[in-house]
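Participant: Predicted structure and sequence below. I'll ask about it afterward.
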Amino acid sequence: MPSALPDGEPVPVDGALPPHALAGAGDRPLGFYLHVPYCATRCGYCDFNTYTANELRGTGGVLASRDNYADTLVAEVRLARKVLGDDPRQVRTVFVGGGTPTLLPAADLVRMLGAVRDEFGLADGAEITTEANPESVDPAYLAELRAGGFNRVSFGMQSARRHVLRVLDRTHTPGRPEACVAEARAAGFEHVNLDLIYGTPGESDDDWRASLDAAIGAGPDHVSAYALIVEEGTRLARRVRRGEVPMTDDDVHADRYLTADEVLAAAGFDWYEVSNWAASDAGRCLHNELYWRGADWWGAGPGAHSHVGGVRWWNVKHPGAYAAALTGGRSPGAGREVLPEEDRRVERVLLELRLREGCPLDLLRPAGLAASRSAVRDGLLEPGPYGAGRAVLTLRGRLLADAVVRDLVD
Amino acid sequence: MPATPTHVPEPSRTDPALIRNFCIIAHIDHGKSTLADRMLQLTGVVEQRQMRAQYLDRMDIERERGITIKSQAVRLPWAPTTGDEQGRTHILNMIDTPGHVDFTYEVSRSLAACEGTILLVDAAQGIEAQTLANLYLAMENDLTIVPVLNKIDLPAAQPEKFSEELANLIGCDPSDVLRVSAKTGTGVEALLDRVVREVPAPVGVKDAPARAMIFDSVYDSYRGVVTYVRVVDGQLNRRERIRMMSTGATHELLEIGTNSPEMLAADGLGVGEVGYLITGVKDVRQSKVGDTITQQSKGATEALGGYKDPKPMVFSGLYPLDGSDYPELRDALDKLQLNDAALVYEPETSAALGFGFRVGFLGLLHLDVIRERLEREFGLDLIATAPNVVYRVVMEDGTEHTVTNPSEFPEGKISDVHEPVVRATILAPSEFIGSIMELCQSRRGVMLGMDYLSEDRVEIRYTLPLAEIVFDFFDQLKSKTRGYASLDYEPTGEQDAQLVKVDILLHGDKVDAFSAITHRDQAYAYGVRLVAKLKELIPRQAFEVPVQAAIGSRVIARETIRAIRKDVLAKCYGGDISRKRKLLEKQKEGKKRMKMVGSVEVPQEAFIAVLSSDDSAGGKARK
């Protein structure tokens, strides 16, 4: 079951933005997120906006079909062009996510990227990423993507252990993600990421170390590691409730995180965001940095979120409703929020504090500033950067980032 | 159906020989209101067509809305249908009595205004402990007791059994116990006849200076304080100036009259008569229950006996959940005090709970009634600290402290600690004797005696520390007796006890709101229980928090709340941002509801859960 959308005000039928959203846009990078809402099967822990063929059968008709999906998405890219008007910016990053983008033919992904290129143009050195399922790619598929303009690929590895993958309902065999990295390198991909999940019920410290070692051994230039969150409404949540699988407690998550940071750092991967490590500055995911630094991005696809100049909006979730809106010439936007100045400040603190560069202290008000001084004393913020006017989390601070944010936004 | 009596004597011109002053002693639900309804009907003061169920209770609601005033004493004309006095119209004054142990003093004053009482008992249930207590009070006041079994129309009625029980208690013959059904009216005429026949007429000196006893005093937002009196000697007249003998304050009598059942002004009240006075005072503390009223000029020099200042027995700290409600709480207490001479309070500051009041109550019901009215009528959300009693602490150097708040328990060399004790009376089926004794022993009780009221019902008497009753005694009693036991108690003085103060420390800081005074033998168990509860209720903090219970500097229990190690959401991408900001807002709201104790954030819920007397004191009031 996909998670619920936030509450917000309605989006105008034509998707028009308030004029101030585009003020000063030239100074901000622009990115595109392209959502592919399909999966072969639904994993027990997943609450993303994605649908299996079974789930769609009979609910969205031909409109929700993945055969036409690329065309529908292209229609939204054209809508974006209209809404952004004469915005001269070229696109710095494109990120295709899901769902399982690689469930679509590579040509569809290339065609979707093509629409962005045609309407907006791609900036020099633009980062073009797609997520990929280790089971649904092969060297030919990867070669076709590379030839179509993609230069970064992100594989969902999750774990190197079969019993862990089974709890997660992941169908690939151990070793396959590592092989994918090699295939991607062979196809000419410059940047490759592996996603890992820790704290899965039944995973041991040793399992986790083995997963980290396997990931590093495969030679990616980027690793993301996420604590497994048992989201309400997922099958995993039901299994935990029924006592079929044990719940991992926060202390175990903390230990696994410390292990991850230690092992990755030793292998030359530095953290640059709470859950992300890169082998070099060039290996950082530029697209994700757009999210964290308040840049503009257009999210196309069902349930996708966008942000332009302090306006956040999100699309209807169901592929059928999404396609129907676009076919009818309407914006698929389901709701939006025009952020007041204070909300934008709070967002900056909560997002930038997660980054290695931290957030500038001049974003803080007196109470938050006082709290930040205590946080330095308590070992949650680095004293060095603090002296230079930035709040940067220590290793322990990263594990308590939400608590630090709560104090700093005062 | 008798005709409305003729030649009804008027107030101030009524021969005392024709007056009968009585009250009704009954347990809640035993049918007092219904019986009163029948009496209003039979005596014709409420016409048939105006009659509705529980007429006098309706007045109660009206009083809350400030329309009219509850009838505290109804003047009923009644010409007996049988006997020597047949056909001669008498005046019956039916005086209402509060039904609860907390208000024993008020009950005693109501009883003092009467010469007789109807002891009304449910024929299906038998006598209850509070009724018994009030019966003993009536007997001490030398009142004539008219024993009555009500609800004899019920299939479950056991009139034989309970007639026997009543006869044993008051020393009469079982056949003297009247059987009535207030619901159908059966036997009520005979009851009124019997009141005329058996209750003595009041005796007073007609030509003496007036002396009238106040037995109730009620604040009405339109008329000010309405004072209910029984004239003992002489006569009070309208427009006269009167004097309150305890304070010497004088007032003009703006109105004097009787209730039938609405207020009806009269020229005055003579010997033995019962009625109301209005003087324009705005606060019941200026017109105190038990005080004697006389004329200002040539008034009496000696007050009637029995007057006492109300003395609070149980204290609790009341704090607004939201600190900014403090002024509202103060105003609300001020308003309640207008109508409650026994309510006392003073401002208090707690490091943990902020600004509030230490409030003194007559007992647990009183506490519960006040708290509920503050919450219901004034819309306040309150934290009430666990109720405690008053301790007298004598130091080795001879200085003495009166402790109404555990956190004020003196440090240093203590010679003696005195605590209030009560005489508790428990009525229950005899099968529960064992568990009741067990409970009382565990609460430091000393058994005084036990009597069988009937074959299978006993009265058990104990001396118990009041402090042991104010917590969850009544709940425990009810659960150990499947709800069959009833409890009554009266203060009987104080005793020396081995009492200590247990403090709770969070991260080394004493939390004043959690300090408690317990018996030395129970201190350890209390400490362990509270510390475990707090560990469960206080969320993990950024640092390790020791939770300790200590007597002075000696730690008797300790738990540790481990430091939180992870408080971060792993993922924060485009679609997560709005959700995360909203979550942050929610968490900030939650943080506002935290109270800082030193550097530890303690949720309000933890205070409420630990301090709450909901499942202890509250249980008592709900019986």
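Facilitator: Yep, it's here. Here the structure is a predicted model, which is why all the values come from computation and not from measurement.

Participant: Minimum distance to chain A, which residue of the stretch 201-350 of chain B gives it?
Facilitator: Relative to chain A, the nearest point of the stretch 201-350 of chain B is B:Gly323 (17.8 Å; Cβ to the nearest Cβ). For glycine as for every other residue, the C-beta is placed from the backbone atoms N, C-alpha and C.

Participant: Tell me the spacing between that residue and B:Tyr484.
Facilitator: Going from B:Gly323 to B:Tyr484 by Cβ to Cβ, to the nearest Å gives 44 Å.

Participant: Out of those two, name the residue with the larger neighbour count.
Facilitator: Higher neighbour count among B:Gly323 and B:Tyr484: B:Tyr484, with 15 against 12, using other Cβ atoms under 10 Å in any protein chain shown.

Participant: give me phi/psi at that one?
Facilitator: phi -80, psi -20 (degrees, to the nearest 10).

Participant: Dig out what the nearest residue to the residue of the stretch 201-350 of chain B closest to chain A once chain neighbours are set aside forms beta bridges with.
Facilitator: Of all residues not flanking B:Gly323 in the chain, B:Gly354 sits nearest, at 4.7 Å (Cβ to Cβ, 6 or more residues apart in numbering or on different chains). B:Gly354 forms beta bridges with B:Ser350, as assigned by DSSP bridges.

Participant: show me the contacts for B:Gly354.
Facilitator: B:Tyr319, B:Pro320, B:Gly323, B:Tyr326, B:Lys595 (Cβ atoms under 8 Å, 6 or more residues apart in numbering or on different chains).

Participant: Of the residues you listed, which is the most crowded?
Facilitator: Within the contacts of B:Gly354, B:Tyr319 tops the neighbour count with 27 neighbours, counted by other Cβ under 10 Å.

Participant: neighbouring strands for the host helix or strand of that one, and are they parallel or not?
Facilitator: Per DSSP states H and E, B:Tyr319 falls inside strand B:314-320. Each strand paired with strand B:314-320, and its direction, by DSSP bridges: strand B:354-361 (antiparallel), strand B:382-384 (antiparallel), strand B:388-389 (antiparallel).

Participant: closest to B:Val74 out of the ones you listed?
Facilitator: strand B:354-361 (29.4 Å; Cβ to Cβ).

Participant: just checking, what packs against the following helix or strand past that closest one?
Facilitator: As assigned by DSSP H and E, the chain's next helix or strand after strand B:354-361 is helix B:364-376. Where contact means 3 or more Cβ pairs under 8 Å, 6 or more residues apart in numbering or on different chains; DSSP states H and E, helix B:364-376 is packed against strand B:314-320, helix B:326-338, strand B:354-361, strand B:382-384, helix B:617-621.

Participant: again, only this time at 10 Å
Facilitator: Helix B:364-376 sits against strand B:314-320, helix B:326-338, strand B:354-361, strand B:382-384, helix B:466-470, helix B:617-621, with contacts defined as 3 or more Cβ pairs under 10 Å, 6 or more residues apart in numbering or on different chains; DSSP states H and E.

Participant: relative orientation of it and strand B:314-320 in degrees?
Facilitator: Here the directions of helix B:364-376 and strand B:314-320 differ by 10 degrees (axes from the mean of the first three to the mean of the last three Cα atoms, to 10 degrees).

Participant: buried residues in helix B:364-376?
Facilitator: For helix B:364-376, burial by neighbour count (16 or more other Cβ atoms under 10 Å in any protein chain shown) applies to B:Leu364, B:Leu365, B:His366, B:Leu367, B:Asp368, B:Val369, B:Ile370, B:Arg371, B:Arg373, B:Leu374.

Participant: show me the contacts for the closest residue to the fourth one other than its chain neighbours.
Facilitator: Distance criterion Cβ to Cβ, 6+ apart; nearest residue to B:Leu367, sequence neighbours excluded, is B:Phe361 at 4.2 Å. Residues in contact with B:Phe361 (Cβ atoms under 10 Å, 6 or more residues apart in numbering or on different chains) are B:102, B:310, B:312-316, B:340, B:342-345, B:367-371, B:387, B:470, B:617.

Participant: Run me through the strand neighbours of the helix or strand hosting B:Ile426, direction for each.
Facilitator: Using DSSP H and E, B:Ile426 sits within strand B:414-429. In the sheet, strand B:414-429 lines up against strand B:391-395 (antiparallel), strand B:457-465 (antiparallel), strand B:486-496 (antiparallel) (DSSP bridges).

Participant: just to revisit the earlier point, for chain A, state which of the buried residues of helix B:364-376 is nearest.
Facilitator: Using Cβ to the nearest Cβ, B:Leu374 comes nearest to chain A of the buried residues of helix B:364-376, at 32.4 Å.

Participant: related to what we said a few turns ago, which stretch in the strands paired with strand B:414-429 has the least confidence?
Facilitator: For these, the bottom mean pLDDT is recorded on strand B:486-496, which sits at a mean of 88.

Participant: Tell me which residues of that one come out buried.
Facilitator: Residues of strand B:486-496 classed as buried by neighbour count (16+ other Cβ under 10 Å): B:Ser486, B:Leu487, B:Asp488, B:Tyr489, B:Pro491, B:Glu494.

Participant: How about stretch A:278-295?
Facilitator: Neighbour-count burial for stretch A:278-295 flags A:278-279, A:283-292, A:294-295 (criterion: 16+ other Cβ under 10 Å).

Participant: Can you check the distance spanned by it, start to finish?
Facilitator: Here the two ends of stretch A:278-295 are set 21 Å apart, with distance taken as Cα to Cα, to the nearest Å.

Participant: how is chain A carved up into domains?
Facilitator: Chain A is divided into the following domains under automatic domain parsing: A:19-292, A:341-410.

Participant: Among those, which comes closest to B:Leu464?
Facilitator: Here domain A:19-292 is closest among the domains of chain A (Cβ to Cβ), at 45.9 Å.

Participant: Centre of the chain to the closest one, how far?
Facilitator: 6 Å (Cα atoms, centre = their mean, to the nearest Å).

Participant: ditto for stretch A:341-361
Facilitator: Its chain's average C-alpha position is 18 Å from that of stretch A:341-361, according to Cα atoms, centre = their mean.

Participant: tell me the mean pLDDT for it?
Facilitator: Here the average pLDDT along stretch A:341-361 is 96.

Participant: Does the closest residue to chain A within the stretch 401-550 of chain B fall in a helix, a strand, or a coil region?
Facilitator: Residue nearest to chain A within the stretch 401-550 of chain B: B:Ala542 (6.3 Å; Cβ to the nearest Cβ). Secondary structure, DSSP: H, G, I helix; E, B strand; the rest coil: B:Ala542 is coil.

Participant: Count the neighbours of it for me.
Facilitator: By the measure other Cβ under 10 Å, the count of residues near B:Ala542 is 21.

Participant: And it, how close does it get to B:Thr560?
Facilitator: From B:Ala542 to B:Thr560 the distance is 14 Å (Cβ to Cβ).

Participant: Averaged pLDDT, the one helix or strand B:Gly257 maps to. What do you get?
Facilitator: Element membership of B:Gly257, judged by DSSP H and E, is strand B:255-259. Averaged across strand B:255-259, pLDDT comes to 93.

Participant: what's the following helix or strand after it?
Facilitator: Later in the chain than strand B:255-259, the nearest helix or strand by DSSP H and E is strand B:263-265.

Participant: Now do the contacts for residue 307.
Facilitator: All of this refers to chain A. Counting by Cβ under 10 Å, 6+ apart, A:His307 makes contact with A:21, A:28, A:31, A:33, A:290-291, A:294-299, A:313-314, A:336, A:339, A:347, B:574, B:577-578.

Participant: I was after chain B.
Facilitator: Listed by Cβ under 10 Å, 6+ apart, the contact partners of B:Tyr307 are B:Tyr105, B:Arg109, B:Met213, B:Ile214, B:Met245, B:Ser246, B:Lys288, B:Val289, B:Gly290, B:Asp291, B:Thr292.

Participant: Thanks a lot, catch you later.
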